[in-house]
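Q: Please find the sequence and the predicted model below.
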Amino acid sequence: MFNNIYYKPLLFLLHLLVNQTNGLPVDTIFKFQGPLPPILPHEVHFGKGTIDLGGLEVKQVSISKTTAKRVWRTYEGGRDNMGFSIFEPINNLPANFSKLGFYAQPNNQKLFGWILVARDVSGSNLRPPVDYIEVWNTASLGIRQDGHAYFWQPVCLKGYKPVGVFVTTSSRKPPMKKKSISCVRSELTEQSEADTLVWGFKGINVVNSRPIQRGTQATGVYTGTFSFQQLNSSPLPYLFCLKNTKLNMSSNMPSKAQTRTLFKTYSPLIYFHPKEIFLPSSVHWFFANGALLYKKGNESNPIPIQPNGTNLPQGGSNDDLFWLDYPLDKTATEKVKRGDLRNTKVYLNIKPMFGGTFTDIAVWIFCPFNGNAHLKFLFIKSLSLGQIGEHVGDWEHVTLRISNFNGKLWRVYFSQHSGGTLVDACDLEYVEGGNKPVIYSSLHGHAMFSKPGLVLQGKRRYGIRNDMARSDKWLDCGKGYEVIGGPWGVVEPAWTSYFRKWGPRVGYKIDKPIKSFAKKILPMFVRKRLRNIIRKIPYEMLGEDGPTGPKAKMTWTGDDKYS
Ligand SMILES: *[C@@H]1O[C@H](CO)[C@@H](O)[C@H](O)[C@H]1NC(C)=O
Ligand SMILES: *[C@@H]1O[C@H](CO)[C@@H](O)[C@H](O)[C@H]1NC(C)=O
Ligand SMILES: *[C@@H]1O[C@H](CO)[C@@H](O)[C@H](O)[C@H]1NC(C)=O
Ligand SMILES: *[C@@H]1O[C@H](CO)[C@@H](O)[C@H](O)[C@H]1NC(C)=O
C-alpha cells in the first residue's frame, strides 16, 4: 500500500505519536493493586524505613517523580529496544542523608525501583569525592537520546570507596561538595559485581551492582546503584556496595506474626498446565500413602516411612546410601504419582539477605512425580523423550524477596530445572485486585515461570519444551503452608534433615526414545543430531540423579542466584 520511501518516516511519526500519547512504560509509576502488608505495632526494627548498618544509617528511597529527577534517557537498545533512563535521587532527601549513586532502569518497565541513601552516624564515614574521572559518554553512540550522558566515577580520599557513578548531560565535572554523591569509609563497604542487565548496546552493558558475597550470613548490602561493563573487560568503574557491620543479620527481619502478614499479602497462586496429571502433595501425604525408604545393600527390604518422617536417616550427606521410592503396589504407585492438589502444603524457608536488609521467603513445593521431557526439534513440535526426565520426588521453589525497610515485595525468583530467573515485582502478573503473584508451573517438569506460553531450553530451533498455561488446577500457597526454616528457632519437621535423595537414581537409555519413535520417520543424519542434542542436556536439568530436599540445597542459606 505504501511506497517504501514514505513508509519509514510514517512509521517513525506513528512511533512518536504513540510515545507522546501513551508515553513509555517507565513514565508510569508501578503500584501494587492491593493494600500493602501492614507493619504490626510490635515490630522493633522491621518496616521502620531506616536500618542501622553500624556507622551508617540507611534509608530506601523509592524512585518516583517526587523523590528523583530524570537526568537522561535513550530511546533505543536494551530490552524491547526501548532504551533506558537514569534518575538522580534529589528531591525530599531526608535531612542529613546523602546519595551514594544514581538509579538506572529499562524504559520497558513501569517506574519501579529504589536506591539507598545514607546518614553518617560517626561523622567520618562519608566524604565527598576529591575529584571525578569521566569513564564513558554517549556522545558518539548515534542513538536517539536526550542530549548526551557523561558518566563520572568519584575519586575518593584514601580509605574511602565509591558506591555509584554520577551522571551529567554536559562534559563539565559534577559538583564536588554539596550536591555530590558520597564516598564511604572502606570498612563499611564490600566488593560488588554485575547483577541484572539494565541496558546493552554495542559492547557496553549497564548493570545493577550487587554484593559478590550473598547469603544468610553475608554482610554485603545491595544499594540500588548501577555500573557498567565493556565487553571483555573487568567492571568499569570499579564500585563497591555497603556492608552491614552489625553482627546479627536477623535483627531487622520480620517477626513470626509479621511474616504471616507478609505471606498473606504476597503468597503466590500457582497454575498447573491443563494436561498436567503429576500434581503436588504435602510431604506427609506422600509418606502416608506408601513411600518407601531404601538402603543400599538391602534393596529387597524397603521400609515404609512414618507420616511424620521420624524414621528417615538424619544428617549426613547425599551419599547414595539411602533413597526414597514409590510403594511396591502398582495401583498405590499410580495414586501417589498424581499427588494430592487439594490438600497440598507448601514449605517456607525465611532467610535474611543482603546483610539483613531484605527477607527472602523461599516457597518450596513438592511433587511426588516429575513427568517425562518433551523436545521441540526441527519440524517436530513435541517429541516425547520416553522416560527421559522422569523421576520420583520433585522439589521446586519460588522465592519472594521483600524489603525490610518497608515490607514491599521487590523481586521473585523462579526455579527452572538447574537454574532460574529473577523477575522484578513490576513485571509480574497478579491475582486480580491483589498483590499475589501468578505463577505458571511447566507441564511435567514443574519449572516455575512468570508467564504462560512456551519456553524452549536449548538452541533457537530446538530444545526441551516448557509449556505453561492456566487451568482449573491451581494452588493457592497462602491456603496451606508450614514454616520449615527461619530466624526464630523454627521446629523443623524430621524430613528437612533427611539429606539423601527423594527418588532413586535413574538410568536412562537415551537411544530408546529415538529408536522407538524416530526410526521410521527421521533420516539417519537427523537421528544422529537428535541423539547429540539429548546427550548434551545437563543431568541436573532432567533430575536424573534423584533430587534432594530443600535443606540439602545451596540456596537454603545462599542466594538463589549464585551464578
Ligand atoms: C542534621 O545534622 C545537623 C548537624 O549535625 C544537626 O544539628 C541536625 O539536628 C540534623 N538534623 C536531623 C533531622 O537529624
Ligand atoms: C538476632 O536477632 C534476632 C531478632 O531480633 C533474635 O531473635 C536473635 O536471638 C539474635 N541473635 C543473636 C545471636 O543475637
Ligand atoms: C535389611 O532390612 C531389614 C528390614 O528393615 C532388616 O531387618 C535387616 O536387618 C536389614 N539387613 C541388613 C543387612 O541391613
Ligand atoms: C512420629 O510417628 C510415630 C508413629 O507414627 C510416633 O511413634 C512418634 O512419636 C512420632 N514422632 C513425633 C516426633 O511426632
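A: Yes, it's here. Residues are numbered from 1 along each chain as shown. Ligands and ions are numbered 1, 2, ... in the order given.
Q: Once you drop chain neighbours, what's closest to residue 371?
A: With sequence-adjacent residues excluded and distances taken as C-beta to C-beta, 6 or more residues apart in numbering, residue 371 is closest to residue 444, at 3.0 Å. No exception for glycine: its C-beta is placed from N, CA and C like everyone else's.
Q: and the one you found, what is it in contact with?
A: 276, 278, 370, 371, 372, 373, 374, 389 (C-beta atoms under 8 Å, 6 or more residues apart in numbering).
Q: next one: residue 94
A: 59, 117, 119.
Q: how about the helices in this structure?
A: With DSSP state H as the criterion, the chain has helices at 4-22, 256-266, 283-288, 330-337, 511-513, 524-536, 539-542.
Q: and the chain, which of its residues are near ligand 4?
A: Residues of the chain lying near ligand 4 by C-beta under 6 Å from any ligand atom: 306, 308, 310.
Q: so the last one makes contact with residue 494?
A: Spelled out, it's residue 310. Yes - using C-beta atoms under 8 Å, residue 310 makes contact with residue 494 at a distance of 4.6 Å.
Q: neighbour count winner among those two?
A: Neighbours were counted for residue 310 and for residue 494 using other C-beta atoms under 10 Å; residue 494 has more, 14 against 11.
Q: quick one: the more buried one and residue 307, what's the gap?
A: Separation of residue 494 from residue 307 (C-beta to C-beta, to the nearest Å): 11 Å.
Q: which stretches of the stretch 251-400 of the chain have low pLDDT?
A: 378-379, 385-388 (pLDDT under 70).
Q: Once you drop chain neighbours, what's closest to residue 110?
A: Spatially, and ignoring its direct neighbours in sequence, residue 110 is nearest to residue 30 (3.8 Å; C-beta to C-beta, 6+ apart).
Q: Residue 97 contacts residue 116, doesn't it?
A: No - applying C-beta under 8 Å as the test, residue 97 and residue 116 come out as separate, 9.3 Å apart.
Q: Common neighbours of those two, please.
A: residue 59.
Q: who's more crowded, these two?
A: Neighbour count, other C-beta under 10 Å: between residue 97 and residue 116, residue 116 has more, with 27 against 20.
Q: Which residues of the stretch 151-300 of the chain lie near ligand 2?
A: Contact residues, the stretch 151-300 of the chain versus ligand 2 (C-beta under 6 Å from any ligand atom): 248, 250, 251.
Q: Relative to ligand 3, how far out is the residue nearest to the last one when sequence neighbours are not counted?
A: Put plainly, it is residue 251. Excluding the flanking residues, the one nearest residue 251 by C-beta to C-beta, 6+ apart is residue 45, at 5.8 Å. With distances taken as C-beta to the nearest ligand atom, to the nearest Å, residue 45 is found 50 Å from ligand 3.
Q: Could you pull up the contacting residues of residue 45?
A: The neighbourhood of residue 45, defined by C-beta under 8 Å, 6+ apart, consists of 51, 251, 252, 404.
Q: now the strands: where do they sit in the stretch 1-150 of the chain?
A: Counting by DSSP state E, counting those that start in this stretch, the stretch 1-150 of the chain has these strands, from start to end: 50-52, 56-62, 68-73, 84-89, 98-99, 103-106, 114-120, 126-127, 131-137, 150-155.
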